[in-house]
Every structure is written in structure tokens, then in C-alpha cells.
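>>> All I have is the shape, not the residue letters:
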């Protein structure tokens, strides 16, 4: 059976960007930027994105395009005889499943807040009352389950329609709508009275802020920037290699990766252009943590004229960002069944759709019925699933792709370079091979090890 292809290069770029663009951009990035002093952190993040995440993104695309398979069979096709690289596919499958087991629930929060904003639920509420609405949502397993299952259903229906007629068509519309909504919200935020101070905080680097409390603050900010750059483009569990398998060889892959990372970063930067001017305009602390989006911002929108409209638009944008990732990762999961076991697309969507719906429920119940299930230093069920993916499987997977593409015992540097540079456009620089072989693996291990710092710290505190 001939493998499906994207209808256009634009489709490949927008869908790959859609996979990368998610809650890490519009939820995690702004509050971490606020915590680490604004523009100085943004500069560090952009630097690590270029030297840390981009090289591995090209490798995922190259593995997918050269093999014409998703992660289920790509290593089987490319690995040397009698080697065991293909065993990683099971780790990748677990990673994709774990990601969706909590991501569908968080996407459900976005859909819920979109509905609540449109229905003027937040009218007249202060931050404490908005927090009550959010906690009420988390504590209601029926409402949480309903929004989570709607998310799963959307992902299944879109991927069931196929690569070109479903994934590409729907994601194109969502991504265009996302940028339009973003643009409207940015214009509104930067024209608020008092927004200039927020723009200065976000766009004028002051590295002195990172050194004010000693070198430890700078080191913490550097690790946070490294981790954010790594996670923002979703490399490590084959989520990107599947899209490489659907693209032709007309264009070299480095340029495509730069465009995708650029769109991904643009969304994160634009999200900051909404959040920081709004926070400073209404006297809200920009480093207020994970609650910035769900608790702080609705109360900020509430103080604006037509606040319900701006809040609804913001959560429409958040929902599109989350759903674009859901659809992309669902496609990776569905294609696994098709490549590995020869299932039809309909069968793969049915089996995996039921499994994803059932396996999403522990996260949903982890805020109510199973709220007592926690791991010290990590947190509840959602935090545990997030930790397993973000702090373990993503960095380990990135290390596998890196070693596979640079080692003679894997696919090898020459084969990778030939595939990456096939077609028109930017070439992958040969000169960085020593950096990829000896430096980048150490940086990935640093991210992996530092991810365990909260757990170790909890032992001493206990």
C-alpha cells in the first residue's frame, strides 16, 4: 500500500509546527519567563533552542523520511543488521501514550474555560473566585471526564479521516485561526494603558536580574532555558519523525526544521506579548507560576472592557494550541498500529481511541477521587505522568536519535547527512559533528539528571 503524503509543503510545516506548538509555549513558557526575569531568560532560551533542540529535530525528520515509516518501523528499516535500535519503538509508544494520558485532560481544561469565558462565568470575579471556579472544575470528575473525552473524540475523528483529508486539512485551519486570534489579542494587550512596562520587562534583556541573587539564580535560569528549548519542539518520542515520513525529498530538512521551530517560538513569544503587558497593566505578578493562565489571566480579562470576549478568544487560542498537539500525537499513535501490525486506519483509530479514552481517566480522577495518590517531590497523577514523559522519556529518546544518527553502530553520520541535505535549501553543517558526538549528549544528560532535583530535595526536606 502506497504511503500517504501531505498535499503541500505548507501542510507539513504547519502540522509539524502544530505538534510542537502546545501548552509548553502558552502555559509553561510565560510563567517561567516571568519567574526568571523576563527578556534575559528569552535570550537564553533562543540560544539553547538553536544549539540544543534544532539538531535533534532534523534527525527525527531524517529518520522518518529515509525510512518512510513512523517510529514503529523506522529503526527496523535503517539500523545495521542484528542491531537492537528497533527496540526503542516500544519506549516511544509508551511515551506517546503517557503524554496523551494527561495532555487530553489539560486540553479539556482549555475547552472548559473557553466555554465558561464565552458564557461570562468570570464576570465580576476576583482572582480568588476564579481559582474557586478552576478548583471546582478539577474536583468535578464528571465534568472533567466529559471535556477530556471530547478531546479524545476530536483527535480520533480527525486522524480517522487520514493524513491529507483529516490531519492536514483540520490542522491548517486551526493553525491559521490560532495566529489570527493571537494577533488580535497581542494588539489588544500592547495597547492597554500601562502595557509599556510589561513590554520592557519582556523585550529588554537585563542579565543583572539573573545575577542579583548570586550565581545559583543564573544557573537555575540556564537549566530552565535549556529544558524549555528541549521540550518546546517535542523531540524524543518519534512525534516528529512520523511527519518526516509523509514529506517528499524536494527540500533539505534543516531549513524545514528552522521554519517549524521559528513558528513554534513565534507563538511562545506572542503569548508573552499578550500576558506580560496585561499583567503589568493591571498590577499582577508575572511570575505567579502555573496558575498564571487559569487563575490570573481570567481575572485580568475581567477588568478589561468586553472582558468575556477577550477571555473567550484567549482560551480559543489555547484550545487550538493544545488540540494541534493532540491531533499530531494521535496520528503518531494511529500510524504505529498501521506500520507495526498492518492494521487499517479505521481499526487503529478504534482500538487506540478506546485505549486512550480509558487511560486518560486516572489523570481526570487524580484531582478528585484519587487526589491522595502522590509521589513526594513530583505530585499527583498528572504530575507523575508529566514527569515520566518530560524528565525521562523525552531526553532519553532524544539521546537515542542523536546516537543513532551519529554512531557507526547506528544509521551513521554519512547516511544521516545525505538524507538531511537531500533537496533544495539550507544544508546541515558538517562542522558540528564533534559537538553532536561529545557535547550535546552531556547536555541532554544534564537535563535528565536535573529533572530529579525536586525528588532528591524532598528526601532532605522530609
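Cool, got the structure. Being a predicted model, the structure only gives us computed values, none of them experimental.

>>> Mind pulling up the pLDDT for the nearest residue to residue 252 once chain neighbours are set aside?
The shortest distance from residue 252 to any non-neighbouring residue, by C-beta to C-beta, 6 or more residues apart in numbering, is to residue 425 (4.0 Å). For glycine as for every other residue, the C-beta is placed from the backbone atoms N, C-alpha and C. On the pLDDT scale, residue 425 is placed at 91.

>>> repeat for residue 368
Per-residue confidence for residue 368 comes out at a pLDDT of 93.

>>> Give the buried residues for stretch 41-48.
Neighbour-count burial for stretch 41-48, with 16 or more other C-beta atoms under 10 Å as criterion, is recorded at 41, 42, 44, 45, 48.

>>> One more: stretch 442-451?
Buried positions in stretch 442-451, judged by neighbour count with 16+ other C-beta under 10 Å: 443, 444, 447, 448, 450, 451.

>>> Filter those down to the ones in helices?
Mapping the buried residues of stretch 442-451 onto helices (DSSP state H) picks out 443, 444, 447, 448, 450.

>>> which of these lies closest to residue 71?
Set against residue 71, the nearest of these by C-beta to C-beta is residue 444 (18.2 Å).

>>> all helices for the stretch 201-350 of the chain, in order.
208-211, 215-232, 241-244, 253-281, 291, 297-302, 307-341, 345-359 (DSSP state H, counting those that start in this stretch).

>>> now do the stretch 1-150 of the chain
Under DSSP H, counting those that start in this stretch, the stretch 1-150 of the chain gives helices at 9-20, 23, 29-35, 39-48, 54-67, 74-78, 88-118, 127-138, 141-160.

>>> Lowest average pLDDT across those helices?
helix 23 (a mean of 70).

>>> hang on, the earlier thing: could you dump the buried residues of stretch 442-451 to CSV with distance to residue 162 and pLDDT?
Below are the buried residues of stretch 442-451 laid out as CSV (distance: C-beta to C-beta, whole Å; pLDDT from 0 to 100):
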residue, distance to residue 162, pLDDT
443, 38, 88
444, 35, 90
447, 36, 84
448, 37, 87
450, 41, 83
451, 37, 80
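
>>> mind listing what residue 425 touches?
Applying C-beta atoms under 8 Å, 6 or more residues apart in numbering to residue 425 gives the contacts 251, 252, 254, 255, 256.

>>> meant to ask about residue 298, not that
By C-beta under 8 Å, 6+ apart, the contact set of residue 298 is 113, 117, 122, 125, 130, 133, 311.

>>> hang on, residue 134 packs against residue 296?
No - in this structure, residue 134 is not within contact of residue 296 by C-beta atoms under 8 Å, at 10.7 Å.

>>> Which of the two has more residues huddled nearby?
Per other C-beta atoms under 10 Å, whichever of residue 134 and residue 296 has more neighbours is residue 296, with 23 against 19.

>>> how long is stretch 239-253 from one end to the other?
16 Å (C-alpha to C-alpha, to the nearest Å).

>>> returning to that earlier point: closest to residue 211 out of the ones in helices among the buried residues of stretch 442-451?
Looking across these and measuring by C-beta to C-beta, the closest to residue 211 is residue 450, at 19.9 Å.

>>> how close does the spatially closest residue to the closest one that is not a sequence neighbour get to residue 453?
Leaving out its chain neighbours, the residue that sits closest to residue 450 by C-beta to C-beta, 6+ apart is residue 223, at 5.3 Å. Here the criterion is C-beta to C-beta, to the nearest Å. By it, residue 223 lies 9 Å from residue 453.

>>> more crowded one of these two?
residue 223 (17 against 13).

>>> which residues sit in contact with the closest residue to residue 55 other than its chain neighbours?
Among residues not flanking residue 55 along the chain, residue 436 sits closest, at 6.1 Å (C-beta to C-beta, 6+ apart). Residue 436 is in contact with 55, 402, 406, counting by C-beta under 8 Å, 6+ apart.

>>> which of the residues you listed tops the neighbour count?
When neighbours are counted by other C-beta under 10 Å, residue 55 leads the contacts of residue 436 with 24 neighbours.

>>> shouldn't that one be in contact with residue 440?
Yes - between residue 55 and residue 440 a contact is recorded at 6.7 Å, counting by C-beta under 8 Å.

>>> who touches both of those two?
Common neighbours of residue 55 and residue 440 (C-beta under 8 Å, 6+ apart) are residue 402.

>>> Mean neighbour count, the helices of the stretch 1-150 of the chain: which tops it?
Per-stretch averages of neighbours, counted by mean count of other C-beta atoms under 10 Å, single out helix 54-67 among those, with a mean of 26.

>>> Against which helices or strands is that one packed?
Counting contacts by 3 or more C-beta pairs under 8 Å, 6 or more residues apart in numbering; DSSP states H and E, helix 54-67 is packed against helix 74-78, helix 241-244, helix 253-281, helix 394-406, helix 413-420.

>>> Same list (these) but as TSV, adding distance to residue 84.
Shown next, in TSV, are those (distance: least, C-beta to C-beta, whole Å):
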stretch	distance to residue 84
helix 74-78	9
helix 241-244	18
helix 253-281	26
helix 394-406	11
helix 413-420	18
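
>>> mind checking which of the ones you listed is nearest residue 31?
helix 253-281 (8.5 Å).

>>> What's the mean pLDDT across the closest one?
In this model, helix 253-281 carries a mean pLDDT of 87.

>>> now the helix or strand residue 363 falls within: how far from the chain's centre is it?
Taking DSSP states H and E as the criterion, residue 363 maps to helix 361-365. Taking the mean of its C-alpha atoms, helix 361-365 sits 20 Å from the chain's own mean (C-alpha atoms, centre = their mean, to the nearest Å).

>>> Next secondary structure after that helix?
Along the chain past helix 361-365, the next helix or strand (assigned with DSSP H and E) turns out to be helix 381-388.

>>> From the contact counts, what lies against that following helix?
helix 88-118, helix 361-365.

>>> What lies in contact with it?
Contacts of helix 381-388 (C-beta under 8 Å, 6+ apart): 98-99, 101-102, 105-106, 362-363, 365-367, 370, 373-375, 378-379, 451.

>>> Measure how far stretch 91-110 is from the centre of its chain, please.
11 Å.

>>> go on, stretch 157-176?
Computed by C-alpha atoms, centre = their mean, the chain-centroid distance of stretch 157-176 equals 18 Å.

>>> Could you do stretch 78-96 as well?
Averaged C-alpha coordinates place stretch 78-96 at 23 Å from its chain's average position (C-alpha atoms, centre = their mean).
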